[in-house]
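Have a look; sequence and predicted model below, questions after that.
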Amino acid sequence: MIKSRICEILGIKYPIFQGGMAWVADAELAAAVSNAGGLGLISAINAGTDAVRDEVRKCKALTDKPFGVNIMLQAPNAAEIAEMVVEEGVKIVTTGAGSPAKYLPMWKENGIKVIPVIACVAHAVKMQAAGVDAVVAEGAESGGHVGELHTMPLIPQIVDAVDIPVIAAGGICDGRGAAAAFMLGADAVQVGTRFITAAECTAHENYKDKLVKATDISTIVTGKTQGHPVRSLKTPFSRNFAKMETDPNVTPEEILAFGGGALRKAVQEGDENGSYMAGECAGLIKQIEPAAAIIEDIILGAEKVMKERMERLV
Ligand code: TUI
């Protein structure tokens, strides 16, 4: 069975993280992933601090396995969430969209493992120097807010630049993707999009249905002109957004107003005018199944494909 040093560091069975997806990654999904041997993550993006606290407590009741909280550092209540995780005795924190340096002393004093998501070498080096425990290196194949580099060249460059464990993210959805990431030097993989189709995920059935039906060309990146590129499924909403971006008669304020609340509308209401954030690997998703089956497919699939390909190629 595939194992790596990150399993010892975090006390997890399999080297697989569930992405901390806004509006999607709640206690139910995180607990299902953790109970199945991966690292479940609760997203702290979508809710007030007390609501996230409730999710943390709910997750504790649902699993005795390690789980974490993902904090989007640009969220208005990021500082409050940073304190809440300490108060609640959360053991693992991942961060996105910024540097968690100012919270590190507090988190390290409280024995929290800190794993920022980064998308380039310079940020990985800076984070290692600041004293984080590992980094998630996220390629632009991922869903949601994306960086510029893609997973294939990003991972080996990060692996060469730091000594701490590297978790590969972006475009990884099955055993083949995971095996490739391990070959590039990753100690674990983070999977987002596929876990939206987990049976335990509370996202709207329209969202799951769109992912199961997605093909290789189903995603689009919008928001580049605003400096906030986001990958999502092609829908009337995202196509209109893309059109507005290049229309000289539409102001940035109008674009912002159009996009506001779009992710929640997709996840909770299954609304066509929502933003269905998804990675490029959506086309590989074939069915809704329990989180444990997804983890087994990815981990056993990686092991199998590594052996089979080695026998054929070497
Ligand atoms: O954060 C993400 N992905 C996200 S956040 C999100 S919420 C959202 N909702 C509506 C519209 C737009 C976004 C959806 N998807 N990924 C993690 C990530 N973090 N990728 C890249 C980075 C990053 C960027 C800059 C990490 C660090 C950084 O700066 C570090 C520094 O030193 O300032």
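Thanks, I have the structure now. Numbers count the residues shown, from 1 in each chain.

Test my guess that Ile115 contacts Ala137.
No: look at Ile115 against Ala137 with CB atoms under 8 Å: they stay out of range, at 10.8 Å. From N, CA and C alone the C-beta is placed, and that goes for glycine too.

hey, what's in contact with both of those two?
Ile167 (CB atoms under 8 Å, 6 or more residues apart in numbering).

Those two - which one has more neighbours?
The neighbour comparison of Ile115 against Ala137 (other CB atoms under 10 Å) goes to Ala137, with 33 against 30.

State the phi and psi torsions of the closest residue to the more buried one other than its chain neighbours.
Spatially, and ignoring its direct neighbours in sequence, Ala137 is nearest to Ile158 (4.4 Å; CB to CB, 6 or more residues apart in numbering). Listed backbone geometry of Ile158 is phi -70, psi -40, with angles given as degrees, to the nearest 10.

and stretch 73-82, what's its mean pLDDT?
The pLDDT scores in stretch 73-82 average 94.

How far off centre is it?
The chain centroid and the centroid of stretch 73-82 are separated by 18 Å, computed with CA atoms, centre = their mean, to the nearest Å.

same question, stretch 279-292
On CA atoms, centre = their mean, the centre of stretch 279-292 falls 14 Å from the chain's centre.

And stretch 95-110, by the same measure?
18 Å.

buried residues in that stretch?
Buried residues in stretch 95-110, counted by 16 or more other CB atoms under 10 Å: Thr95, Gly96, Ala97, Gly98, Ser99, Pro100, Ala101, Tyr103, Leu104, Trp107.

Among those, which has the minimum pLDDT value?
Ala97 (88).

So it is in contact with Ile71, correct?
No: using CB under 8 Å, Ala97 is not in contact with Ile71; the gap is 9.4 Å.

Grab the nearest non-local neighbour of Thr215.
Gly283 is the one closest to Thr215 (CB to CB, 6+ apart), at 4.7 Å.

let me redo that: Met183
Closest to Met183 by CB to CB, 6+ apart is Met306, at 7.8 Å.

Okay, and the one you found sits in which element?
Element membership for Met306, per DSSP states H and E: helix 291-313.

on contacts alone, who are the packing partners of that helix?
strand 16-18, helix 27-35, helix 175-183, strand 188-191, helix 193-196 (3 or more CB pairs under 8 Å, 6 or more residues apart in numbering; DSSP states H and E).

circling back: who's in contact with the residue nearest to Met183?
Ala179, Phe182, Met183.

quick one: pLDDT of it?
So Met306 comes in at 96 (pLDDT).

which other residues reach stretch 143-154?
Taking CB under 8 Å, 6+ apart as the rule, stretch 143-154 contacts 19, 21-22, 96-97, 119-120, 137-141, 157, 168-172, 180-181, 184, 192-193, 219, 221, 228-232, 277-279, 282.

neighbours of the residue of the chain found nearest the ligand, just the number please.
Using CB to the nearest ligand atom, the closest approach of the chain to the ligand is made by Gly144 at 2.4 Å. By the measure other CB under 10 Å, the count of residues near Gly144 is 25.

And the helices in the stretch 101-250 of the chain?
104-109, 121-130, 151-161, 175-183, 193-196, 205-213, 236-245 (DSSP state H, counting those that start in this stretch).

Just say which of those helices is most tucked in.
Of all the helices of the stretch 101-250 of the chain, helix 193-196 has the most neighbours on average by mean count of other CB atoms under 10 Å, namely a mean of 28.

what packs against it?
Under the contact criterion of 3+ CB pairs under 8 Å, 6+ apart, helix 193-196 touches helix 205-213, helix 291-313.

These: which one's closest to Phe237?
Closest to Phe237 of the helices and strands packed on helix 193-196, according to CB to CB: helix 205-213, at 11.8 Å.

What lies in contact with the closest one?
Taking CB under 8 Å, 6+ apart as the rule, helix 205-213 contacts 193, 196-197, 201, 233, 235, 266-267, 270-271, 276, 278, 282, 285-288.
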